[in-house]
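Chemist: below is the sequence, then the predicted model.
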Amino acid sequence: MNVELRHLRALAAIGDEGTITGAAAALHVSQPALSRTLEQLESRLGTSLVERTTRRLRLTPAGRRLYEHAHRILIQLDDALAEATAGPRPLRVGFVWAALGRHTVPLLREWRRTRPDAPVEVHRLADPEAELRRGSVDLAFLRTLPADDCALRTVALYQERRMAALCESDPLAGADAVGLADLTHHTIALCATACTTSTELWPAGRRPHRTFEVANVDEWLTAIATGEAAGVTAEATGHSHPHPGVRYLPITDAGPLTVLLARPRTATHPATAAFADHARRTLGGGAADAPVTGAAPATASVRTGAGRRPYRQGDDGRDAVRAQ
């Protein structure tokens, strides 16, 4: 089977851009040439990789699997070529917009103090799990369980409270804490990146009357600070994104979120295991490297988090997964 790098680059670009036009522009080739490359790849594999519609392209299940492998192969090749002349690259760590809150800086400072030979690059990503699977990062901190396909190792580090984010002039803002019922008459802003909250957090029949989606943390904070909406988020957000117009309050009757560390089963950097051990000792009290079970199905949404399941520990002390 004669598959070339140009075939993998073509599929990676098509998956990234979603159209032949966009992929051809990204690769600086003509659309007919890119279409021929794709057809050649499908012919050599003997399977369809892309479903073509009048407006958009969609990867088939086989195309999606090869797309993720293609990204990893191409990134590893680029890294190998760069290392041949510039030496080993930094360890890449991905996180969502809340990062690790107050733990972020101490964790990284201690690593840099004890391992000056292994520098770290941190990357804030809309979907750290997807970038981890593509090989763009070597480890990722998550608050939702990844798809259970045995490609990733995932361990629980620590739990954090859920917080309500309210406009400073909101009548509830002066309280010490709130309950979910206090928020039902508010419009709830949901962030499209790394979302851990949906209306299913509330009991059926007592859910917020209206929600809307924003594209990023800045839009989310602005909607809350102007009184347009309230938000529900992880405790780390209050540390990573303080805002003069927003008050963060604990939610007394919403289960905690668990912060997870995920990495590929086959390490993509020599320092991956050492950093995972460092994070576990620093954040998890040195617990053994036990995998998290009960991972979310492979059909979980990438964009909005709908269908993803945040991990929590049950009231009886056993690991559990609760739909949020």
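Modeler: It's in.
Chemist: what are the boundaries of the strands in the stretch 1-150 of the chain?
Modeler: For the stretch 1-150 of the chain, the strands defined by DSSP state E, counting those that start in this stretch occupy 50-52, 57-59, 91-95, 120-124, 139-142.
Chemist: in the second one, what's buried?
Modeler: When you say that, I think you mean strand 57-59. 57, 59 (16 or more other Cβ atoms under 10 Å). Quick note: C-beta positions are derived from backbone N, CA and C, even for glycine.
Chemist: now it: average pLDDT?
Modeler: Across strand 57-59, pLDDT averages out at 87.
Chemist: about what we covered before: any idea which of the strands of the stretch 1-150 of the chain is most buried?
Modeler: strand 139-142 (a mean of 26; mean count of other Cβ atoms under 10 Å).
Chemist: next SSE downstream of that one?
Modeler: strand 152-160 (DSSP states H and E).
Chemist: in that next one, what counts as buried?
Modeler: 152-158, 160.
Chemist: just give me the closest of those residues to R102.
Modeler: E160 (10.0 Å; Cβ to Cβ).
Chemist: that closest one contacts R102, doesn't it?
Modeler: No: using Cβ atoms under 8 Å, E160 makes no contact with R102, being 10.0 Å away.
Chemist: which of the residues in stretch 101-117 are buried?
Modeler: 101, 103-104, 107-108, 111.
Chemist: wait, stretch 24-44
Modeler: In stretch 24-44, counting by 16+ other Cβ under 10 Å, buried: 24, 27, 29, 34-35, 37-38, 40-42.
Chemist: wait, which of the residues you listed is closest to A279?
Modeler: The closest of these, once distances to A279 are taken by Cβ to Cβ, is L27, at 37.1 Å.
Chemist: show me where the stretch 51-200 of the chain has helices.
Modeler: Secondary structure of the stretch 51-200 of the chain (DSSP state H, counting those that start in this stretch): helices at 61-86, 104-114, 128-134.
Chemist: which helices and strands does the longest one pack with?
Modeler: Think helix 61-86. Applying 3 or more Cβ pairs under 8 Å, 6 or more residues apart in numbering; DSSP states H and E, we find helix 61-86 packed against helix 5-17, helix 128-134.
Chemist: what angle do it and strand 91-95 make?
Modeler: Put simply, helix 61-86 runs at 140 degrees to strand 91-95, going by axes from the mean of the first three to the mean of the last three Cα atoms, to 10 degrees.
Chemist: next, the angle from helix 61-86 to helix 5-17.
Modeler: 110 degrees.
Chemist: so how far is helix 61-86 from its chain's centroid?
Modeler: Mean C-alpha position of helix 61-86 versus that of the full chain (Cα atoms, centre = their mean, to the nearest Å) differs by 20 Å.
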